[in-house]
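Peer 1: sequence first, then the predicted structure:
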Amino acid sequence: MYFTILGGLWWSFVIHSVKDNEAQYKEAKKLFLAASKGEISLLTSTVVFFEVYWVLMSFYQRDHSDTAATLNDLLKMSFIHIPERTVIVGALNLFERGMGLEDAYNLIFAQLAGAQEFRTFDKKLAARFRNF
């Protein structure tokens, strides 16, 4: 059985580094520690992962490399089941090399799905897919 991690729980853990809400951080940490010991199971979605990314970049105005480091740290939490972890890891690798995370996700998703073509009005992105 899985418990779903809502964005707020993951957020509470992430935002501790900016000292937003110590009480929420402690609650989330307790949950994650229980999961890391196998006491409970946790599940999250790609959408929640992107929420973390968007808020780090826009609201907290974290730079690219700091955001990538934080996201990598989240992915290291192997006790959290993320159905599209492989896609996200691949996208994060491209993000670390300067590509936008959304475009990187779509390229990796298409590649892993075996897509033969990548249709977009973004000519640069389409060229990246052809050269991928």
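Peer 2: Received it, and whenever you're ready, just let me know what you need. All of these numbers come straight from a predicted model, not from anything done at the bench.

Peer 1: quick check, pLDDT for the most centrally placed residue in the chain.
Peer 2: The residue lying closest to the centre of the chain (Cα atoms, centre = their mean) is F49, at 3.5 Å. Note for F49: predicted pLDDT of 90.

Peer 1: where is the longest helix in this protein?
Peer 2: Determined from DSSP state H, the single longest helix within the chain is helix 22-36.

Peer 1: for H81, grab phi and psi.
Peer 2: Main-chain dihedrals, H81, degrees, to the nearest 10: phi -80, psi 120.

Peer 1: so what sits opposite it in the bridge?
Peer 2: Beta-bridge pairing for H81 (DSSP bridges): L43.

Peer 1: ok, it - contacts?
Peer 2: If you count contacts by Cβ atoms under 8 Å, 6 or more residues apart in numbering, H81 has them with Y2, S41, L42, L43, T44. Where C-beta positions appear, they are placed from N, C-alpha and C, glycine not excepted.

Peer 1: what pLDDT is listed against A23?
Peer 2: Confidence score, pLDDT, at A23: 75.

Peer 1: ok, L71 next?
Peer 2: What the model reports as pLDDT for L71 is 92.

Peer 1: rewinding a little: can you pull the alpha-carbon coordinates of the longest helix of the chain into CSV?
Peer 2: Taking Å, rounded to 0.1, in the frame of the first residue of the first chain, the C-alpha atoms of helix 22-36 are listed here in CSV:
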residue,chain,number,x,y,z
GLU,A,22,10.6,24.5,10.7
ALA,A,23,7.4,22.7,12.0
GLN,A,24,6.4,21.5,8.6
TYR,A,25,10.0,20.4,7.9
LYS,A,26,10.1,18.3,11.0
GLU,A,27,6.7,16.7,10.2
ALA,A,28,7.9,15.8,6.7
LYS,A,29,11.3,14.6,8.0
LYS,A,30,9.5,12.2,10.4
LEU,A,31,7.4,10.8,7.5
PHE,A,32,10.5,10.4,5.3
LEU,A,33,12.5,8.7,8.1
ALA,A,34,9.6,6.2,8.6
ALA,A,35,9.6,5.5,4.9
SER,A,36,13.4,5.1,4.8
